[in-house]
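Colleague: Turn this into a model:
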Amino acid sequence: MQNTDNNALETGRVLVTKVERQRLHDTVVSHLRNLIIEGALAPGMKLNERELCETLGISRTPLREAMKVLAAEGLIDTFPNRGAFVSRMSQNEIWETFEVMSGLEAMSGELAAARITPVEIAEIKALHYAMLACRAQNDLPGYYSRNQTIHNKINEAARNSVLRQMYLTMNRRLLALRFKSNFQPGKWDNAIQEHEEMIKALEARDGARLGHLLRQHLMEKRDAVIKGLAMPEAALVEREARASPEAA
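Modeller: Have a look, this model is predicted:
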């Protein structure tokens with residue numbers, strides 16, 4: 001009897017250990033992903049394992065496991081003998097990825113309008129009001145988190161597993177860029193107005209309207225991202241022009 005109890009206890013310890021390890025794994029992946037999304041780890045930056053371990057308070061094993069997950073998501077690039085770097089998309093890749101993503105968003109809206117439940121609509125509206133509160137407090141991470149959850153819930157409400165997997169895979173590559181597209185307050189306010197129109201279309205079960213709004217929403221984000229990428233280069237050209245002898 002004693003042996004049985006001991007065996008059960010040992011089994012329990014193994015289960016607890018596995019749960020704790022899984023929680024740590026998920027937490028590290030989430031933290032590292034957020035650092036990339038919010039720009040603390042910029043595109044092209046080499047990941048310093050020692051510094052990241054100190055920042056996150058972990059050993060290198062869970063960090064490396066998390067980096068493998070993010071590499072599979074396309075957020076990190078790894079090179080033999082060189083280490084790991086935050087992925088950097090070319091302008092052409094950004095343009096084409098947003099085009100595809102806009103189609104997935106539009107299809108999500110078209111299907112969701114016909115399949116979403118009143119409870120799900122109420123959840124989306126609650127998230128929208130929470131997003132408004134974040135805007136009032138200039139809380140960009142909070143605003144962005146709720147913004148993305150709204151889009152995610154619309155995709156879930158489409159009730160299409162193939163679309164769901166394609167959406168998740170594609171969207172992971174754009175999360176950081178979508179976050180950066182909201183840096184200007186005017187972009188926040190415009191996005192809020194667009195979300196209000198999306199909710200109206202959902203409540204009206206107008207799939208064509210919602211699909212159009214979601215596609216347009218993504219195209220505007222794409223344009224904002226492309227414009228943001230061009231601004232540093234334009235600023236550099238202007239600075240060099242001012243410094244040239246001809247400009248003196």
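
Colleague: from here on, contacts and neighbour counts on C-alpha atoms
Modeller: Fine.

Colleague: what's the strand or helix carrying V100 in contact with?
Modeller: Here V100 sits within helix 91-115, counting by DSSP states H and E. Applying C-alpha atoms under 8 Å, 6 or more residues apart in numbering, the contact partners of helix 91-115 are 151, 154-159, 163, 166-167, 170-171, 174, 201-208, 210-219, 222, 226.

Colleague: Would you map the strands across this protein?
Modeller: Assigned by DSSP state E, the chain shows strands spanning 76-79, 83-86.

Colleague: and among those, the most buried is which?
Modeller: strand 83-86 (a mean of 18; mean count of other C-alpha atoms under 10 Å).

Colleague: For the strands of the chain, give me CSV that also has mean pLDDT.
Modeller: Putting the strands of the chain into CSV (pLDDT from 0 to 100) gives the following:
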stretch, mean pLDDT
strand 76-79, 92
strand 83-86, 94
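
Colleague: Y144 is nearest to which of the ones you listed?
Modeller: Set against Y144 and scored by C-alpha to C-alpha, these come closest in strand 83-86, at 20.5 Å.

Colleague: Who are the packing partners of that closest one?
Modeller: Contact analysis of strand 83-86 by 3 or more C-alpha pairs under 8 Å, 6 or more residues apart in numbering; DSSP states H and E lists strand 76-79 as its packing neighbours.

Colleague: Any idea which residue is closest to the centre of this structure?
Modeller: By C-alpha atoms, centre = their mean, the chain has its centre lying nearest to L175, at 2.9 Å.

Colleague: before we move on, back to that, avg pLDDT for the helix holding V100?
Modeller: Averaging pLDDT along helix 91-115 yields 96.

Colleague: ok, and for that helix, which residues are buried?
Modeller: The neighbour-count check on helix 91-115 (16 or more other C-alpha atoms under 10 Å) flags 94-95, 97-98, 100-113, 115 as buried.

Colleague: Domain parsing of this structure, as residue ranges.
Modeller: 2-86, 91-240 (automatic domain parsing).

Colleague: what's the most buried one of those domains?
Modeller: For the domains of the chain, where neighbours mean mean count of other C-alpha under 10 Å, the stretch averaging the most is domain 91-240, with a mean of 17.

Colleague: how about S90, phi and psi?
Modeller: Dihedral angles phi and psi of S90 (degrees, to the nearest 10) take the values phi -70, psi 160.

Colleague: just E38 next, same as before
Modeller: Torsion angles, degrees, to the nearest 10, at E38: phi -90, psi 0.
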